[in-house]
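Chemist: give me the fold of what follows.
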Amino acid sequence: MYVPAVTRLRSRLGIALAVLIAAIAAAVLLNHSAPQSIADSNPNNTICKGHITKGAADPDDPDSGVIEYTFACSQPITGFSVLPDKPSTSFDTEVFGTDPTTKDVLATDAFSCNGEQPGWGVNCTGANVGNWHPITSKFTIDGDVCAEPRVDPLLVVTYASVASGKATQYIAGPFDLGRPRGCKASKNSGKTRIPKDTDESTTGLVAPIQ
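Modeler: The predicted structure is shown next:
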């Protein structure tokens, strides 16, 4: 069925407005719940680390490669984008964070995700209290995850805050999530899209990510 361009534009504007409202609401929650030492830090200086892993094949879609991504950040965030260098064909629309000690899913760490399918980004809005609370989810690509050249996604995070009725947004990254674990070593093993010259630009483990 044909949908007029004006109708499509109005729909996209409505979605964008809803996402912004959700991010601002999440920021208000985080401003009241985050530890003072974290909330007082500059959100533009947030550090995130993580990695991707070859996931179990989906029996309903055996031609797609499943990729699990995990990351954690030093400070609260209200949004993030995972940007693979291969088109993502599907992704989880609901993403949750967990307590690094108990591994319990946290209501304060939850995101709603959207994006084109296939597309070059998974965009999520919600809330995570930071303090290295891990976030884990999935997306898929066409073909074998371990086939060269292997996917190497980047991560960008955002934080929206509200003060005196004025919304302010911050952006940190990109952070390199690296090539998939669980694949045999190749001549490109260890290489990343961002050079491994600083802690902020490398993949790696943080305490809660195993």
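
Chemist: got the contact list for residue 46?
Modeler: Residue 46 makes contact with 73-75, 77, 130, 157, 159, 170, 172 under the criterion CB atoms under 8 Å, 6 or more residues apart in numbering. Using the backbone N, CA and C atoms, a C-beta is placed for each residue, glycine as well.

Chemist: now, which of those residues lie within strands?
Modeler: Under the assignment DSSP state E, the contacts of residue 46 contribute 73, 77, 157, 159, 170, 172 to strands.

Chemist: burial measure for the second one, as a count.
Modeler: A total of 33 residues lie near residue 77 under the criterion other CB atoms under 10 Å.

Chemist: right, and it touches residue 131 too?
Modeler: No. At 11.1 Å, residue 77 does not count as touching residue 131 under the criterion of CB atoms under 8 Å.

Chemist: specify the beta-bridge partners of residue 159.
Modeler: Partner residues in beta bridges with residue 159, using DSSP bridges, are residue 170.

Chemist: which ones are touching it?
Modeler: Taking CB under 8 Å, 6+ apart as the contact definition, residue 159 lies against 27, 30, 43, 46, 75-79, 169-170, 172.

Chemist: quick one: it from residue 147, how far?
Modeler: Between residue 159 and residue 147 the computed distance is 36 Å (CB to CB, to the nearest Å).

Chemist: kindly report the same for residue 193.
Modeler: Taking CB to CB as the measure, residue 193 and residue 147 are separated by 17 Å.

Chemist: with neighbour numbers in mind, choose between those two.
Modeler: Neighbours around residue 193 and residue 147, counted as other CB under 10 Å, are more numerous at residue 193. The numbers are 15 against 12.

Chemist: and the nearest residue to the more buried one once chain neighbours are set aside, how many neighbours?
Modeler: Nearest non-adjacent residue to residue 193, counting by CB to CB, 6 or more residues apart in numbering: residue 152, 5.0 Å away. Taking other CB under 10 Å as the neighbour definition, residue 152 ends up with a count of 21.

Chemist: if I've got this straight, residue 152 is in a helix?
Modeler: No. The assignment for residue 152 (DSSP: H, G, I helix; E, B strand; the rest coil) gives coil, which keeps it out of a helix.

Chemist: distance of it from residue 196?
Modeler: Applying CB to CB, one obtains 12 Å for the distance of residue 152 from residue 196.

Chemist: OK, contacts around the residue lying closest to residue 150 once chain neighbours are set aside?
Modeler: Here the nearest residue to residue 150 in space, its sequence neighbours aside, is residue 179; by CB to CB, 6+ apart that works out to 4.7 Å. When the contact criterion is CB under 8 Å, 6+ apart, the partners of residue 179 are 52, 150-152, 188-189, 191-192.

Chemist: just the buried members of these?
Modeler: 52, 150-152, 192 (16 or more other CB atoms under 10 Å).

Chemist: so where's the protein shaky on pLDDT?
Modeler: Segments of the chain classed as low confidence (criterion: pLDDT under 70) are 1-40, 197-210.

Chemist: many thanks, I have nothing further to ask.
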